[in-house]
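J.: Need a 3D model of the following:
(one chain, ligands or ions: 3)
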Amino acid sequence: MNEENILEVKDLHVDIHMAEGLLTAVRGVNFEMKKGETLGLVGESGCGKSLTCKAILGINDKKCKPSGQILFDSEGLGRVDLLSLDQKGREIRSIRGKEISMIFQEPMVAFSPMYTIGNQINEATRLHITKDKKKSKEISMEVMRKVGIANVEKRYNQYPHEFSGGMLQRALIAMALVCNPKMLIADEPTTALDVTIQAQILELMKELQKDFNMAILFITHDLGVVAKMCDRVAVMYLGKIVESADASEIYANPQHPYTRGLIGSVHKIGSKKEERLFSIEGTVPLAMNLPKACGFYDRCDVRVEGLCNRAEPELVEIAPGHKIACFNCPHEACREQRARVEASLAGKSASTPEKDASDTAGRQKDTVKSIPGNKEDGRK
Ligand SMILES: Nc1ncnc2c1ncn2[C@@H]1O[C@H](COP(=O)(O)OP(=O)(O)O)[C@@H](O)[C@H]1O
Ligand code: SF4
Ligand SMILES: [Mg+2]
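T.: Ligands and ions are numbered 1, 2, ... in the order given. Predicted structure coming up:
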């Protein structure tokens, strides 16, 4: 594990055993996070973002089986593979909530309606910091103040239903931060909130990150939010990362057709309100009985018939820190991958004429198009 990293996720798979068959919802995810940095994990609903977070925290549903490696630089345990720990054991519990905390999309679900907010924040403080009742209450109240909850003495004794959505999300952030974690996983933390409150919460999270110097894994389907929050971005589609780069690079120079679609969906500052926003047609398919093909094939407007529907591209580095998994990209590393795969497919076709994914799905033949707008491409 690299010294600078707090987390390294290697070849993470999450299999879900369903009555209908095996669903591999996360299909070989690799990423790393440096201490103190914010990584955005972006993609539409159903791409496998939440399952990735749950695997890190060891809070997988019974039928979800993660495999691979999740290396974490723990204070108590040293460098440890989180997947090797017993999900209910003492070791992962010493990390969960203390060294790695999580904020969920729905604060109402995270809090029990039966106990006061103060009580629930205090539970984490007592578990991980001090058994001293008075001290622990003071620490809990202090962090409530830090996240902008006014009149804490009164608020401490109130129940979740007495809090507004935005206030409850602040309380949830307080609960996540009370133990001063080294890493925070924020899974769509502002999706349920209205735009003004969303902006306040994002601002708050940025401030707190500075104060606490923690790494944040920020999960969202909204690239607009990522622009405000993240140092680096990993774009996820159908259980895989299809592009990753610095946030500024992703916006200035997106390469994967899916990333381009996502960026096109973000309302540009200064664009006319009535202008129709670009959106990607179709939905994320279910990762069950997948053909050997690029996962984005059905929705891609630059797919290459006979290639993208017969093989799946791997992530290759096209510039320092910028990776993409696509055959139809003009960068050298992508062209090399494409040539290699085409040669292998040609060899296979010569020996055994095989039925490709487009035949089985009854898709129409496409002409070869290139990714529009690529300067290196020379074609439009
Ligand atoms: N407990 C579960 N049982 C069955 N399918 C699940 C379960 N959890 C997630 N899935 C499926 O796995 C895929 C990825 O889910 P998830 O990680 O929640 O996506 P995201 O957070 O990106 O929206 C989806 O197709 C979802 O329906
Ligand atoms: S061009 Fe091919 S490999 Fe690239 S995203 Fe489209 S379908 Fe996938
Ligand atoms: Mg989710």
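
J.: Residue 173 and residue 201 touch, don't they?
T.: Yes: using CB atoms under 8 Å, residue 173 is in contact with residue 201, at 7.5 Å. For glycine as for every other residue, the C-beta is placed from the backbone atoms N, C-alpha and C.

J.: Those two: who's more crowded?
T.: residue 173 (26 against 22; other CB atoms under 10 Å).

J.: show me the contacts for the residue in the stretch 1-150 of the chain that ligand 2 sits nearest to.
T.: Per CB to the nearest ligand atom, residue 43 is where the stretch 1-150 of the chain lies closest to ligand 2, at 13.6 Å. By CB atoms under 8 Å, 6 or more residues apart in numbering, the contact list for residue 43 reads 49, 221, 235-237, 262, 284.

J.: if you set the cut-off to 6 Å instead, what comes out?
T.: 49, 236-237 (CB atoms under 6 Å, 6 or more residues apart in numbering).

J.: Tell me the spacing between it and ligand 1.
T.: According to CB to the nearest ligand atom, to the nearest Å, residue 43 stands 6 Å off from ligand 1.

J.: Could you do residue 161 as well?
T.: For residue 161 relative to ligand 1 (CB to the nearest ligand atom), the value is 27 Å.

J.: Next to ligand 1, which bits of the stretch 1-150 of the chain? Give me the list.
T.: Residues of the stretch 1-150 of the chain found near ligand 1, taking CB under 6 Å from any ligand atom as the criterion, are 16, 23, 25, 43, 45-51, 61, 63-64.

J.: Would you reformat these as CSV and include secondary structure and pLDDT?
T.: Formatted as CSV, those follow (DSSP: H, G, I helix; E, B strand; the rest coil; pLDDT from 0 to 100):
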residue, secondary structure, pLDDT
16, strand, 96
23, strand, 95
25, strand, 96
43, coil, 92
45, coil, 89
46, coil, 91
47, coil, 94
48, coil, 95
49, helix, 94
50, helix, 93
51, helix, 95
61, coil, 91
63, coil, 93
64, strand, 95
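
J.: which one among these gets closest to residue 156?
T.: If you rank those by distance to residue 156 using CB to CB, residue 50 comes first, at 30.4 Å.

J.: What residues does the residue positioned nearest the centre of the chain make contact with?
T.: With distances taken as CA atoms, centre = their mean, residue 41 lies nearest the centre of the chain, 2.8 Å away. Residue 41 makes contact with 49, 219, 234, 236, according to CB under 6 Å, 6+ apart.

J.: Which strand or helix spans it?
T.: Per DSSP states H and E, residue 41 falls inside strand 38-42.

J.: Using CSV, list the CA coordinates for that strand.
T.: What follows is strand 38-42 as a C-alpha-only set of coordinates in CSV (Å, rounded to 0.1, in the frame of the first residue of the first chain):
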residue,chain,number,x,y,z
THR,A,38,-12.1,14.2,-1.7
LEU,A,39,-12.9,11.6,-4.3
GLY,A,40,-16.2,11.8,-6.2
LEU,A,41,-17.7,8.4,-7.2
VAL,A,42,-20.3,9.4,-9.8
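
J.: Note down every partner strand of that strand and its orientation.
T.: In the sheet, strand 38-42 lines up against strand 215-220 (parallel), strand 232-237 (parallel) (DSSP bridges).

J.: Using JSON lines, lay out these together with mean pLDDT, distance to ligand 1 and mean neighbour count.
T.: Conversion of the strands paired with strand 38-42 to JSON lines gives the following (pLDDT from 0 to 100; distance: least, CB to the nearest ligand atom, whole Å; neighbours: other CB atoms under 10 Å):
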{"stretch": "strand 215-220", "mean pLDDT": "94", "distance to ligand 1": "7", "mean neighbour count": "26"}
{"stretch": "strand 232-237", "mean pLDDT": "96", "distance to ligand 1": "7", "mean neighbour count": "26"}
